[in-house]
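In: please work out how this folds:
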Amino acid sequence: MAIDRKTVENVAKLARLQLTPEELDRYGKQLGAILDYIAKLEKLDVKDLEPLVHAVDISNVFREDAPRPSLPRDAALQNAPEKNGDFFIVPKIIE
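Out: Residues are numbered from 1 along each chain as shown. Here you go, the predicted model:
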């Protein structure tokens with residue numbers, strides 16, 4: 001599907017892009033190729049296909065949720081920009 005230059009300029013304006021004449025020509029061709037591909041997809045008969053979340057059958061792999069040693073408190077606080085005893089001091093974000 002051919003896209004005319006005026007349409008590409010309008011899309012660029014809506015996206016607030018300033019394009020050179022070369023970019024307008026290049027993007028016009030690219031948009032046309034994308035619309036041609038979408039037209040091909042619209043011709044496919046998909047009425048008997050079930051909707052999929054993923055194209056391939058996958059399952060999530062979760063690790064065992066087991067306790068394990070963590071960073072000691074002193075090591076965690078060692079590089080803190082500000083601390084008060086055993087606590088980090090962070091900027092207040094709620095007024």
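
In: quick one, strands of the protein?
Out: 83-84, 87-88 (DSSP state E).

In: save those as a markdown table, and put in distance to P67 and mean neighbour count too.
Out: In this view, the C-beta of every residue, glycine as well, is placed from N, C-alpha and C. Conversion of the strands of the chain to a markdown table gives the following (distance: least, CB to CB, whole Å; neighbours: other CB atoms under 10 Å):
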| stretch | distance to P67 | mean neighbour count |
| --- | --- | --- |
| strand 83-84 | 25 | 11 |
| strand 87-88 | 22 | 11 |
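
In: from F87, how far off is P72?
Out: In this view, P72 and F87 are 15 Å apart by CB to CB, to the nearest Å.

In: and for L24?
Out: Distance from L24 to F87, by CB to CB: 57 Å.

In: go on, E42?
Out: For E42 relative to F87 (CB to CB), the value is 59 Å.

In: and I58, by the same measure?
Out: Taking CB to CB, one finds I58 at 42 Å from F87.

In: what do you get for L52?
Out: 48 Å.

In: and if you look at A12?
Out: The gap separating A12 from F87 is 52 Å, by CB to CB.

In: do the same with A66
Out: 27 Å.

In: where do the helices sit along the protein?
Out: Ranges of helices in the chain, per DSSP state H, are 5-14, 21-42, 73-77.
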